[in-house]
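S.K.: Got a sequence here, can you build the structure:
(chains A, B and C)
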Amino acid sequence: MKNRNLKRLLAAVTVSAMSLGLMTGCSGGGGEEAKTDESGATVIKFGIHVANPAEQEAVTNNIVEAFNKANEGKYKVEFEAADTETHSKNMKLKAEDGTLPQIFWIEGSEAPEYSEAGVLLDLTEFLDENAEIKTALGGMEEAFKDDNGQYGLPYQCNVQGIFYNKELFDQAKADYPTDETTYEDFIEIIKKLKDSKVTPLSIGSKNSAYAMWEFNEFLARYGWEDNIGNILDGKDKFNNKELTACFEKFQGLKDAGAFPENMATIEYFDAKQLFNEGKAAMFGTGQWDCAEFDENIGDKIGFWWGPKFSDTQSSQEIAMKVPSAPIGVSAAVADDEKLKEGVYEFLKFYYGEEAAKLSYEGSIFPATNYEGASASDSQYSMNVMIDALANGWGSPQAAPDLTVSSAVQEALYDGIFGVLQGTYQPAEALDKLDAALANSK
Amino acid sequence: MVNKRKKAVQYILMALITILVVFPFVWMLVLSFKSNSEILSSPLSLPKTFNFDNYRHAMETLNFPRLYGNTIFVCVISLAAELVITFFSSFVLARMEFKNEKFRKLLYGFLIMGLSISPFILLFPVYKINVFFGLRGKLALIFPYIATSISFNTLLLVGYLKSLPTEIDEAAVIDGCNIWDLMIRVILPMTKPVIATVVIFNVLYIWNEFPFASVMLREASDYTLSMGASFFKGTYTVDYGGIVASSVMIIIPELIFYGIFQKNIVEGMTAGAVKG
Amino acid sequence: MPGESPVPGSIIFKKKLRKRHKKDGLIFMHWLSKKKYKIGLMVPTLLVYSIFIILPVIIAVRYSFTKYSGIGQAKFTGLKNYARLFQDKIFWISFKNTMVMFVLAFVLLLTLSFAIALLLNNRLKAVDFSKALIFSPAIIAPIIVGIIWVYILDPNIGIINNVLDAIGAGGLKAKWIGGDKLSPYSIAIIYFWQQLGYLVTIFIAGLKMIPGDVLEAVKIDGASTVQEIRYVIIPMMRTTISTVAVLIITGVFKIFEIVQQTTGGGPNHLSETLVTYSYSMTFSSSDYGYGMSLATVTFLLSLLITAVYSTVTKEREG
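M.R.: As a prediction, this is how the structure comes out:
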């Protein structure tokens, strides 16, 4: 009796183990080779850093849809979508087991790591074959080159600076900032705004340490681009004269009361909301928020690169129009002619004129430059940025925060926010950067 | 008289605790009827109108039937498997005789140890192990879920199984039960309250689990409910209204489920069923 | 000691209890405890557990001796990560915060969830309803728990500070979260709120397992409530109490989403816990090796405290 039951039990276990083996055996085979959909079109996977591209990366979604429509039955681009944090984790894992999507967005500071691991396709050939795209990129691609070649292309182009609400400036009787406005003028403006009971510069530091775009301009104007090579090579330190002066300016902003009191518990989104509602006079961000500002602030919007500094020898005539994080192509694509053709076809479209137009329509600066692609009159925020760009100032090759490895980048964000909140002294924050660099070697 | 006063105190306490605990929860319901900018700018105010925009938007964005379907599928399979295997192993640890008592303790400690492990340590290695075994899609999720439940279930089941009087076994053995009968016919019915507790916790864990789900599932067609909230948070935008509304929709089945379980099973058991 | 108890029925009960708990009494199990049964019944659990929990932990621990970004080759660096860890100020801040949360959550949760379970175990009207409601926080996804509490604790937009202002007690306002001191305490309270229903449920299930006739007998003997709890319920609930204690200890060392949502570990890592700091190192700073060394230490610490707890309670019992 009991023996029979035991046998039954064992049999059940064996059967389930075997069926499990079968199931896994069936699904285990096959990498991520070229797949086709019902219509016979070659499917190209595009790994993107938001879970819901139709809403959260509308421009890219539109470009992909336009491409799919134009290539019906031939190629079909499908998103592999996950929120940024998950996406970054997933791409790393997939790089390890060789199942990367054909095209994918890469966190800027992590891209060189992918390149070193040899999982990215060298796109030099693509650019050579498509000279007009190389021209349209106008050097933007240089940021994503190393010994392994052209490992990525800019996903978009970021124009970053400080947006301001003219109405609130008028109420506070403060002058609008201009290209010539100095740091000292800026402090005066902040005081006036503060007196008129608005938050001068909205910022949130919770979970979004990356929200420091306006401070890239500060770093750039204190000679970041010239010095960073030496610092990374160990010939200089972050805790040097220039950067100390720069970080002291951050401290000055804090002392002037420029930020919301609860900046530690609000996020970038909440900070933006303060600006949208006219509770804060300035907000540092990039062009991706243009559509939102058009809706909330309309033609009262202004745009400014940031203050000029007099205690440095570095050039002050710097704009901040820089490549955003790159997109890369999986090296595995090279093994499949048909797939490679499709990927190139898509890149040609993505960096082509039609896509550039779609991009401007959605208030995003594409990485490319084409005559005739620009914003319409009602895109107020986009237009004030285009005006600001008209002064012809050069931009760094890459945004300062994207020129260092992830660990140093974290320390940089941490250091800046530490000074802004008064937890760090400037020198202390810079020492932490040096320590992070030493640890990452 | 004393008894009456005692009862009154008990009622007041119960009401007070309930209100305190439930307040944030109710508030979430309130938030779900406010627009995103209302939530951000005046979080303390009551919604101006009862609008269902957040719910409409959540329904449009998320494929709820599929999300529910996937979650229930993963949940049922994992739950069935983990209950069976942990009940058996806990029975061994709690009621069987070991020649070496230390070995039993070691085995028990070994299985409990998993409680101390935070799931994200496991993410990368488990992913690689899944790849090695060729586990994909929902299967890639089911095994980690079964594994992570083992420690918790062992802790609870062994604890309760041990506390059942030994006379039960004696009586059963004298009556001629074999091991199978003893486990399934005699012991199992007596452990209903704790099984119900384990089921509730296991289901809730799977229902809300995010780290594994986000890393192991590749195809949107396999996504589970807990991944819903990520659809409302982009790099530069966040839709709190959408997050809150979709959370409420995720919670409702859980509430119903909990209601059924606690009434019919936990409450239905009379403590007197276990006679010493 | 309960032995000198003046309560009339207590000696009888102690005898009963002793008999129940005497593991040597399992003589009749002897002939059912055959090796093949034991192995057959244990193997599925051990197999799944070893492959999906133990093996991954071993892999993770191995990475803690390397420099690894998550892609490419890991470079063996010996004990370097651990040496760095002990000099890392933020590690010590996270350690301190975690311990604060642990002590606070442990004391509050263990005592209050037991008390509430006792209360709800009474025959009261609407008690089921109340039980369901008290349990409700436990079913909210942890991410949402964080969002809800931000609106309560935030120094500017949170309810608490606004109410304090409104009733003219503005002086009591504080940076409940986001400041440099109170965050770990606030997080412990949130954790308390979230876990209460869970633990009450476990305690109630435990109370249900106490044979009804035992409690009836106490009533007849006229034991007062306090005596009943102390000499009958607590001894019979020993396993449940230690179950809950272990869950609290190990749970506190896994608190993650609440911190991420309320403060993100900030400002400047001041409210970081061991888990969040290790997460931030692993994924935000792409320092997988160092992150895993932090995770390993956290894991060992949690094991250690659990072990100390079991030893101490065993000695007291024994």
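S.K.: ok, so what distance separates the residue of chain B found nearest chain A from residue B:79?
M.R.: Going by C-beta to the nearest C-beta, chain A is nearest to residue B:134 of chain B, at 2.5 Å. (Glycine included, C-beta is placed from N, CA and C.) Separation of residue B:134 from residue B:79 (C-beta to C-beta, to the nearest Å) stands at 24 Å.
S.K.: now do residue C:305
M.R.: 30 Å.
S.K.: What of residue C:202?
M.R.: For residue C:202 relative to residue B:79 (C-beta to C-beta), the value is 18 Å.
S.K.: These two: which has the busier surroundings?
M.R.: residue C:202 (25 against 20; other C-beta atoms under 10 Å in any protein chain shown).
S.K.: how about the more buried one, what does it touch?
M.R.: By C-beta atoms under 8 Å, 6 or more residues apart in numbering or on different chains, the contact set of residue C:202 is B:156, B:197, C:240, C:243, C:244, C:247.
S.K.: Check what contacts the strand or helix carrying the second one and list those residues.
M.R.: The reference is to residue B:197. Using DSSP states H and E, residue B:197 sits in helix B:192-208. The contact list for helix B:192-208 (C-beta under 8 Å, 6+ apart) reads B:71, B:74-75, B:78-79, B:82-83, B:86-87, B:145, B:148-149, B:152-153, B:156-157, B:160, B:188, B:225-226, B:250, B:254, B:257-258, B:261-262, B:265-266, B:269, C:138-139, C:141-142, C:198, C:201-202, C:205, C:208-209.
S.K.: how does it look with 7 Å?
M.R.: Residues outside helix B:192-208 that contact it (C-beta atoms under 7 Å, 6 or more residues apart in numbering or on different chains) are B:71, B:74-75, B:78-79, B:82, B:145, B:149, B:152-153, B:156-157, B:160, B:225-226, B:254, B:257-258, B:261, B:265-266, B:269, C:138-139, C:141-142, C:201-202, C:205, C:208-209.
S.K.: Quick one: distance of it to the chain centre.
M.R.: Computed by C-alpha atoms, centre = their mean, to the nearest Å, the separation of helix B:192-208 from the middle of its chain amounts to 4 Å.
S.K.: what does the stretch 101-250 of chain A put close to chain C?
M.R.: Taking C-beta under 7 Å from any C-beta of the partner chain, the part of the stretch 101-250 of chain A that reaches chain C is made up of A:110, A:113, A:114, A:116, A:117, A:205, A:206, A:207.
S.K.: I'd like those residues as a markdown table, with secondary structure and neighbour count appended.
M.R.: Shown next, in a markdown table, are these (DSSP: H, G, I helix; E, B strand; the rest coil; neighbours: other C-beta atoms under 10 Å in any protein chain shown):
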| residue | secondary structure | neighbour count |
| --- | --- | --- |
| A:110 | helix | 21 |
| A:113 | helix | 20 |
| A:114 | helix | 27 |
| A:116 | helix | 17 |
| A:117 | coil | 18 |
| A:205 | coil | 31 |
| A:206 | coil | 28 |
| A:207 | coil | 19 |
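S.K.: circling back: pull the CA atoms of the helix holding residue B:197 into PDB?
M.R.: Taking Å, rounded to 0.1, in the frame of the first residue of the first chain, the C-alpha atoms of helix B:192-208 are listed here in PDB:
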ATOM      1  CA  LYS B 192      -5.200  24.700   7.000                       C
ATOM      2  CA  PRO B 193      -4.800  28.000   8.900                       C
ATOM      3  CA  VAL B 194      -1.100  28.100   8.200                       C
ATOM      4  CA  ILE B 195      -1.500  26.900   4.600                       C
ATOM      5  CA  ALA B 196      -3.900  29.700   4.100                       C
ATOM      6  CA  THR B 197      -1.400  32.200   5.500                       C
ATOM      7  CA  VAL B 198       1.300  30.800   3.300                       C
ATOM      8  CA  VAL B 199      -0.900  30.900   0.200                       C
ATOM      9  CA  ILE B 200      -1.800  34.500   0.900                       C
ATOM     10  CA  PHE B 201       1.800  35.600   1.300                       C
ATOM     11  CA  ASN B 202       3.000  33.600  -1.700                       C
ATOM     12  CA  VAL B 203       0.400  35.000  -4.000                       C
ATOM     13  CA  LEU B 204       0.900  38.600  -2.800                       C
ATOM     14  CA  TYR B 205       4.700  38.200  -3.300                       C
ATOM     15  CA  ILE B 206       4.300  37.000  -6.900                       C
ATOM     16  CA  TRP B 207       1.600  39.600  -7.600                       C
ATOM     17  CA  ASN B 208       3.800  42.500  -6.600                       C
END
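S.K.: Figure out how far the helix or strand just after that helix is from the centre of its chain.
M.R.: Per DSSP H and E, the first helix or strand lying C-terminal to helix B:192-208 is helix B:211-216. Relative to its parent chain, helix B:211-216 has a centroid offset of 17 Å by C-alpha atoms, centre = their mean.
S.K.: in what helix or strand does the most centrally placed residue in chain C lie?
M.R.: Nearest to the geometric centre of chain C sits residue C:248, at 1.3 Å (C-alpha atoms, centre = their mean). Residue C:248 belongs to helix C:238-252 when assigned by DSSP H and E.
S.K.: for that helix, packing partners?
M.R.: Where contact means 3 or more C-beta pairs under 7 Å, 6 or more residues apart in numbering or on different chains; DSSP states H and E, helix C:238-252 is packed against helix B:139-163, helix C:89-120, helix C:183-208, helix C:288-317.
S.K.: just so I know, which of those helices lies nearest residue C:77?
M.R.: helix C:288-317 (7.1 Å; C-beta to C-beta).
S.K.: Save the residues of the stretch 101-250 of chain A next to chain C as TSV, and put in pLDDT too.
M.R.: Formatted as TSV, these follow (pLDDT from 0 to 100):
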residue	pLDDT
A:110	86
A:113	87
A:114	91
A:116	88
A:117	87
A:205	82
A:206	78
A:207	67
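S.K.: Which residue is the nearest non-sequential neighbour of the closest residue to chain C within the stretch 1-150 of chain A?
M.R.: Proximity of the stretch 1-150 of chain A to chain C (C-beta to the nearest C-beta) peaks at residue A:117, 3.7 Å away. Among residues not flanking residue A:117 along the chain, residue C:72 sits closest, at 3.7 Å (C-beta to C-beta, 6 or more residues apart in numbering or on different chains).
S.K.: Next up, the contacts around the one you found.
M.R.: A:113, A:116, A:117.
S.K.: check contacts around the last one.
M.R.: Remark: with contacts taken as C-beta under 7 Å, 6+ apart, residue A:117 is in contact with A:95, C:71, C:72.
S.K.: what's the answer for the first one, then?
M.R.: Taking C-beta under 7 Å, 6+ apart as the contact definition, residue A:113 lies against C:69, C:71, C:72.
S.K.: The second one - how many residues pack around it?
M.R.: When counting by other C-beta under 10 Å, one arrives at 22 neighbours for residue C:71.
S.K.: any idea how far residue A:384 is from it?
M.R.: Taking C-beta to C-beta, one finds residue C:71 at 40 Å from residue A:384.
S.K.: ok, what's across the strand from the residue nearest to residue A:154 when sequence neighbours are not counted?
M.R.: The spatially closest residue to residue A:154, leaving aside those adjacent along the chain, is residue A:323, at 3.4 Å (C-beta to C-beta, 6+ apart). Beta-bridge pairing for residue A:323 (DSSP bridges): residue A:157.
S.K.: which residues sit in contact with residue A:323?
M.R.: Applying C-beta under 7 Å, 6+ apart, the residues near residue A:323 are A:140, A:143, A:154, A:157, A:367, A:398.
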